[in-house]
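# quick one, what's the 3D model for this:
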Amino acid sequence: MGQVILQNSIPYDWQKVTKLPGVMPLNPQDWIIFDDAYKDQMAEREFLLKNNSDVIAIDENNEAPAFELLDAILQFLSKADGFEVSQKQVVTRDDRIVKIDYNQPLLTCGMLVQNDFCLLQKISGQHVLIAAVLCFPANWRLHEKFMRPLFSIHRNVPEYSLEIAKRVDRIFDGIRVGRPMWRFNVLEYSDATLYQPYRLRPECKPYYTRSERQTFVKLPETGAVAFGIHTFVVKKVPFDTF
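Here you go, the predicted model:
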């Protein structure tokens, strides 16, 4: 059991049943959000980024999307409340000073916001995971999915049927620059630990509701899709809808 970091609430109607994949339009101004657990989650992210080799992966032959993602985040934060962005550093909303390191773009991204990010590039007709900073995985390990296409990544997900896979591919193909999308999922957990790379034992009683706010942003220069994951964990509430 790791450190328990909880939000007070989930800022969307997570009990609303949506048909998979359940993707909706997103206001670009709401791409990245911040909540009451920002300070604690960022401390956990910093620890993982410094001590866990399985939270960052990047294709060294295709680093441009990671640089573009960092630029996009810096541009977004320059307009966000609580951040001070300069050429060399960012003062965050919890008063940390994060040096901007273009030699390690994903590390810098991971130190700035609560989101994890997976970068998918279309290669030979398939959307392939070419880079990611993933501090808070839910039942999967980054290095087991790295450089694999979407369907292969989700091969062990029971709900991810061939029909769902085709619909998700069409969604990725259809994402347009300046027109991001989003969805959410909902899971039950007996352990509030944010770093959960392994599946939980089914006999464990769930005490927490975990939801990922997932965003899809098309990067204009490289054409890669930045798949963002903002993780919420709250004490378990009625789960009758699911």
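# distance of residue 29 relative to residue 145?
Distance, residue 29 to residue 145, using C-beta to C-beta, to the nearest Å: 30 Å. All C-beta spots, glycine's among them, are computed from the backbone N, C-alpha and C.
# which one's more surrounded, the two?
Counting neighbours by other C-beta atoms under 10 Å for residue 29 and for residue 145 shows that residue 145 has the greater number, 20 against 10.
# is it true that residue 92 touches residue 85?
No: using C-beta atoms under 8 Å, residue 92 makes no contact with residue 85, being 9.8 Å away.
# just the CA atoms of the helix or strand residue 108 falls within, as CSV, please.
Using DSSP states H and E, residue 108 sits within helix 105-112. Once non-C-alpha atoms are left out, helix 105-112 reads as follows in CSV (Å, rounded to 0.1, in the frame of the first residue of the first chain):
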residue,chain,number,x,y,z
PRO,A,105,11.1,16.7,-22.6
LEU,A,106,8.8,14.0,-21.1
LEU,A,107,10.5,14.3,-17.7
THR,A,108,9.8,18.0,-17.8
CYS,A,109,6.2,17.4,-18.8
GLY,A,110,5.8,15.0,-16.0
MET,A,111,7.1,17.5,-13.4
LEU,A,112,4.6,20.2,-14.5
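# buried sites along that helix?
105, 106, 107, 108, 109, 110, 111, 112 (16 or more other C-beta atoms under 10 Å).
# and the pLDDT for the last one?
Looking at residue 112, its pLDDT stands at 98.
# what does the first one give?
Residue 105 is assigned 98 on the pLDDT scale.
# same question for residue 229.
At residue 229, pLDDT is 98.
# not counting sequence-adjacent ones, nearest residue to it?
residue 116 (4.3 Å; C-beta to C-beta, 6 or more residues apart in numbering).
# name all residues that make contact with that neighbour.
110, 132, 133, 134, 135, 136, 137, 228, 229, 231 (C-beta atoms under 8 Å, 6 or more residues apart in numbering).
# which of those fall within strands?
132, 133, 228, 229, 231 (DSSP state E).
# so which of those is the most crowded?
That'd be residue 133 among these, by other C-beta under 10 Å, with 28 neighbours.
# who does that one form a beta bridge with?
residue 56, residue 117 (DSSP bridges).
# now do the contacts for it.
Contacts of residue 133 (C-beta under 8 Å, 6+ apart): 49, 55, 56, 106, 107, 109, 110, 116, 117.
# which of the contacts of residue 116 lies closest to residue 217?
residue 228 (7.0 Å; C-beta to C-beta).
# tell me the bridge partners for the closest one.
residue 117, residue 215.
# didn't it look like it was pressed against residue 212?
No: in this structure residue 228 lies outside contact range of residue 212 using C-beta under 8 Å: 9.5 Å.
# next, give phi and psi for residue 218.
phi -90, psi 120 (degrees, to the nearest 10).
# list the contacts of it.
Counting by C-beta under 8 Å, 6+ apart, residue 218 has contacts 175, 176, 177, 179, 180, 224, 225, 226.
# contacts only, for the first one.
Listed by C-beta under 8 Å, 6+ apart, the contact partners of residue 175 are 181, 216, 217, 218, 225.
# mind redoing it with 7 Å?
Residues near residue 175 by C-beta atoms under 7 Å, 6 or more residues apart in numbering: 181, 216, 218, 225.
# tell me the helix or strand right after the helix or strand containing residue 127.
When elements are assigned from DSSP H and E, residue 127 belongs to strand 126-133. Downstream of strand 126-133, the next assigned helix or strand under DSSP H and E is helix 142-145.
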